[in-house]
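Student: Predicted model and sequence below, questions to follow.
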Amino acid sequence: MNIVYRLSVTLVLSVCLNLVAHAESPHSLTVSEGFENPLGFYDPAPTFSWKLPAGVEKQTAYQLEVNSDGNTWDSGWVESDQSTLVPSEAGPFESRDKVEWRVRFRDAAGNESEWSDRATFEMGLLSKSDWQAKWIRPAQDKPDVNEPVAYLQRTFDLPAGVKQARLYVTARGLFDLDLNGQQVSNDHFANGWTSYNKRIDTLTYDVTDQLKAGENTIQASLGYGWYAGHLMGSGHNGRYGKLSELLLQLEVTLEDGTTTTITSDDQWQGTWQGPIISSSIYDGENYDARIEISGWQQVATAELGDEQLDAKPFTPVRQTQLLSTEAITEPEPGRFVFDLGQNMVGWERLEIPVEEGKTVTIRFAEMLNQDGTMYTENYRGAKSTDTYTAAETGTIEWEPQFTFHGFRYVELSGLPEGVKPAESWVTGVVLHSDLEPIGTFVSSHDKLNQLQSNITWGQRGNFLDIPTDCPQRDERMGWTGDAQVFCPTSMFNYDCHAFWKSWMRSLRDDQMADGRIPHVLPDALRDGGSPGWMDAATIIPWEVYVRTGDKEILTENIDMMEKLIGYYRSKSKDGLVQEITAFGDWLQPYSPRTQGDTPAPLLGTAYYGHSARLLAKSARVVGRDDLADKYDAEADKVAQAFAAHYFDGNGKLQNAPETQTAYLLAIAFDLIPDEQKPEAAANVVRLIEEADGHLRTGFLGTPYIVSVLDEQGYHDLAYSLLLKETYPSWFYSINQGATTMWERWNSYSHTDGFGNAGMNSFNHYAYGAIGQWMYERIAGLAPDPKQPGYKHLIIRPLIDGPLDSAKAELETPYGIASSGWTKSDGTATLTVVIPPNTTATLTLPGSDDSQELQPGKHEFEVKLEEGA
């Protein structure tokens, strides 16, 4: 059914924000990429952001006051409506500096607000010269086990009167710390995965309350982690080093002003003898409660290396929620399978009966075989198995420390005979980078809501310090192609500003000499150069800028972008990429090749043109008009060559197989003239019809298929593809029981069983890129690239289609924005909320008319009439 909006639009409600005589103070004060009162902060020249209170429409001026060490910098009144990422002349700040700041604003009527509450931040250690510590590890030879865990400790005395204590720490590998028997933090994998030979992130903890007068003991355990552990495939053991090591510096200030510093040095003791025998990210953790930590000897020390030591620039991994067991089965005698009801990433928390000397084996699976046993073939070489050996008979509580698993099902074996399992025995501990949830999408369609849930769970599970492709098999790497297609959607669900900005450092660190970007970051595979993958270097900075307004992410990465374009240029002749290594339209359905049917040179040329254009846009934003002109001209040249070689002048492909993806990229990347786009879109429609109304796209084409159809006027077909129930489609996996996004459109079916186990992840977010269209077009809530960071919003809800309602809500840098609609009895009611200090443009489908919306709540009624 086509619905025509006769533009019988009635404004039912418009509650714009009222000006008041004396505005309340601003709130939600943050620095740089949204950090609230951070400790161990990384940015010596931060920017400042705040939100205006409800009831205020617009800021016309602000006054910012920054105090450090008794010195106050006062901006005075600055005539500006800028309230996000505001620079200052305070600083640059140095290591350990403590800073307080506050802000007030003036509204459009000239009313001055109260001062905000004071916000704070404290700098971490910003220079290698701040470190007096040495790298330490046990001096003994490591035991002959896979990825053993090391133990280190130091005892020291302190007088009474501790005023402040800061613990600065990192590891080559993974660390966990106890101070006087108490865990130092609730962070996991805290220093994360970086290009360790170039850069290691450090953490800062306030341990003032954990210290005492007299004897104190620090104890650390070290896992191999990504630094020295096994990484994808044989030959990738110890990619960065052979043994884990600790770097620690405890700085204690006493009430009398004197200071004491405890560092990792030769005063420590180390051992390999402890209850965690081994712990591997891929293979799991082996724990023997009979073994006490013992055999302490002097440690081996090493001076600081060439790598940078940087304060961590985003939040670490933490436990964010717990999942309870929903069902228990016993498919084989003595093997109990606990179903948590949701594919998740993290580990198990056990509360189980055990027998002295007996080992309980814990296995994990995303799916079950038909007989109810664990399906683990898709884990490939990852054993993903934990063990617990009991010291005595009784009930124990335990969870691992240096591993993680991707799973829905937990199998326990080796339990005492005759026990009856209880649901309380197994709890799922969900782990991911502790990003702030900021967006929601809901609709009248249950499966569409399940799709949104699957997308969000896929993001949770794969945003574990870096954006991984999958969290369960012997891979779990930062694949650039997956990351770039999912980036826009990710920023609707969570505040990923700092997360993406930090990961871009790994791209810069590991970019190859010829300009290629590695396939995975950090570069564990030492290979790269695939179109659509290496373009994460241009696409992600631009998408983050559009959604945050952060120009710095463009400035930081422009040199990298230029080198990338130089590589494309070296592979091309007259604007056309010739031969290039490519993963292609990865896992395109019904293709005999995993790379799909779209030729590598076509993809290379398409992404060459697209990345050159994004580089030009980025350069223009940061005031590099010379570069912008240069790369606009290069992008034009590539587009002209692409159109002349691959299209016949009438919107039809030539010199290459006709694929949906080839047409989609040509349209989405503006590689063909506007007058050819309608015919090219019609050819996409024809190919969809020839595929019985289904998509035929893989990783690169799928993010564009619905949006291109929508923009070319095929709204009904866009909806049809999204809501399709049969393979290949988004709902197909849901109909097979999916609770996350899958790697393949048909990773499993009730009729055919499992797909190829060699490439069959059940938690793979790439096809979740559709979430962007759900937020931006179904609900109608989108950023405006011309006024980025949601300073101006585009409200274009796609009310046409089979849905009765949809709503998106987003915590923007300025406050809550939302767009939602319901349909009933031929009338659509649209409700829009615009946050303070922003504006929006509302356009209804079927109309060329638009209207500007001011901050506040607006409600419209739209009469719907069927027609042609």
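Tutor: Structure's in. What do you need?

Student: List the buried residues of stretch 224-234.
Tutor: Residues 224-232 are the ones in stretch 224-234 that count as buried (16 or more other C-beta atoms under 10 Å). C-betas here are computed from N, CA, C, even on glycine.

Student: what's the answer for stretch 570-588, then?
Tutor: Buried positions in stretch 570-588, judged by neighbour count with 16+ other C-beta under 10 Å: 571-572, 575-577, 580-588.

Student: Looking at those residues, spot the one nearest residue 385.
Tutor: Here the nearest of the buried residues of stretch 570-588 to residue 385, counting by C-beta to C-beta, is residue 587; it sits at 28.1 Å.

Student: Which of the buried residues of stretch 570-588 sits closest to residue 330?
Tutor: For the buried residues of stretch 570-588, the residue nearest residue 330 by C-beta to C-beta is residue 587; the value is 35.9 Å.

Student: Just give the closest residue to residue 26, not the sequence neighbours.
Tutor: residue 50 (4.1 Å; C-beta to C-beta, 6 or more residues apart in numbering).

Student: Pick out the residue nearest the middle of the protein.
Tutor: With distances taken as C-alpha atoms, centre = their mean, the residue of the chain nearest its centroid is residue 463 (4.4 Å).

Student: residue contacts, that one?
Tutor: When contacts are counted by C-beta atoms under 8 Å, 6 or more residues apart in numbering, residue 463 is found next to 432-433, 435, 490, 494, 496, 499.

Student: Can you tell me which of the buried residues of stretch 224-234 is closest to residue 392?
Tutor: Minimum separation from residue 392 among the buried residues of stretch 224-234 (C-beta to C-beta) is found for residue 224, which lies at 29.4 Å.

Student: Would you confirm that that closest one contacts residue 279?
Tutor: Yes - with contacts defined as C-beta atoms under 8 Å, residue 224 counts as touching residue 279 at a distance of 7.4 Å.

Student: Got the domain ranges for this protein?
Tutor: For the chain, automatic domain parsing gives the domain ranges 27-123, 128-311, 317-433, 439-779.

Student: Which among the ones you listed is found nearest to residue 805?
Tutor: Residue 805 lies closest to domain 439-779 among these, at 4.4 Å (C-beta to C-beta).

Student: mind checking how far stretch 745-759 is from the chain centre?
Tutor: Using C-alpha atoms, centre = their mean, to the nearest Å, we find the averaged C-alpha position of stretch 745-759 to lie 27 Å away from the chain's own average C-alpha position.

Student: Oops, could you answer that again for stretch 782-793 instead?
Tutor: Distance, stretch centre to chain centre, for stretch 782-793: 21 Å (C-alpha atoms, centre = their mean).

Student: again with stretch 435-447
Tutor: That offset, for stretch 435-447, works out to 17 Å (C-alpha atoms, centre = their mean).

Student: Buried residues in it, which are they?
Tutor: Neighbour-count burial for stretch 435-447 flags 435, 438-441, 443, 445, 447 (criterion: 16+ other C-beta under 10 Å).

Student: Repeat that for stretch 372-381.
Tutor: Taking 16+ other C-beta under 10 Å as the neighbour-count basis, stretch 372-381 is seen to contain the buried residues 373-376, 378-380.

Student: Stretch 642-659 now?
Tutor: Judged by neighbour count (16+ other C-beta under 10 Å), stretch 642-659 contains these buried residues: 642-647, 651-653, 656, 658-659.

Student: again, but for stretch 857-868
Tutor: Of the residues in stretch 857-868, those buried (16+ other C-beta under 10 Å) are 858, 860, 862, 864.

Student: Also stretch 562-572?
Tutor: Buried positions in stretch 562-572, judged by neighbour count with 16+ other C-beta under 10 Å: 562-565, 567-569, 571-572.

Student: Please apply the same query to stretch 704-721.
Tutor: Within stretch 704-721, the residues scored as buried using 16+ other C-beta under 10 Å are 704-712, 714-721.

Student: State the distance from residue 777 to residue 28.
Tutor: Relative to residue 28, residue 777 is positioned 28 Å away (C-beta to C-beta, to the nearest Å).

Student: thought residue 841 was touching residue 851?
Tutor: Yes - using C-beta under 8 Å, residue 841 is in contact with residue 851, at 7.4 Å.

Student: Look up the pLDDT of residue 831 for me, please.
Tutor: Residue 831 carries a pLDDT score of 98 in this model.

Student: ok, now which ones touch the residue lying closest to residue 159 once chain neighbours are set aside?
Tutor: Once flanking residues are discounted, residue 159 sits nearest to residue 213: 6.2 Å by C-beta to C-beta, 6+ apart. Residues in contact with residue 213, defined by C-beta under 8 Å, 6+ apart, are 158-162.

Student: hmm, back to that, sort out which of the buried residues of stretch 642-659 are in strands and list them.
Tutor: Nothing among those maps onto strands, per DSSP state E.

Student: re the thing from before, quick check: phi and psi on the residue nearest to residue 159?
Tutor: In this entry, residue 213 is assigned phi and psi values of phi -70, psi 140 (degrees, to the nearest 10).

Student: Residue 512 too?
Tutor: On the backbone of residue 512 - angles per degrees, to the nearest 10 - the values are phi -80, psi 160.

Student: Number of residues surrounding it?
Tutor: Burial of residue 512, expressed as a neighbour count using other C-beta atoms under 10 Å, amounts to 17.

Student: correct me, but it touches residue 518?
Tutor: Yes - at 6.9 Å, residue 512 and residue 518 qualify as touching, with contact defined as C-beta under 8 Å.

Student: So for those two, which residues contact both of them?
Tutor: residue 528.

Student: Which residue lies closest in space to residue 365, excluding its sequence neighbours?
Tutor: Spatial nearest neighbour of residue 365, chain neighbours left out: residue 374 (4.0 Å); criterion: C-beta to C-beta, 6+ apart.

Student: ugh, wrong one, residue 620
Tutor: Skipping the residues right next to it in sequence, residue 620 comes nearest to residue 628 by C-beta to C-beta, 6+ apart, at 3.9 Å.

Student: hang on, that neighbour packs against residue 619?
Tutor: Yes - under the criterion of C-beta under 8 Å, residue 628 is in contact with residue 619, at a separation of 4.1 Å.
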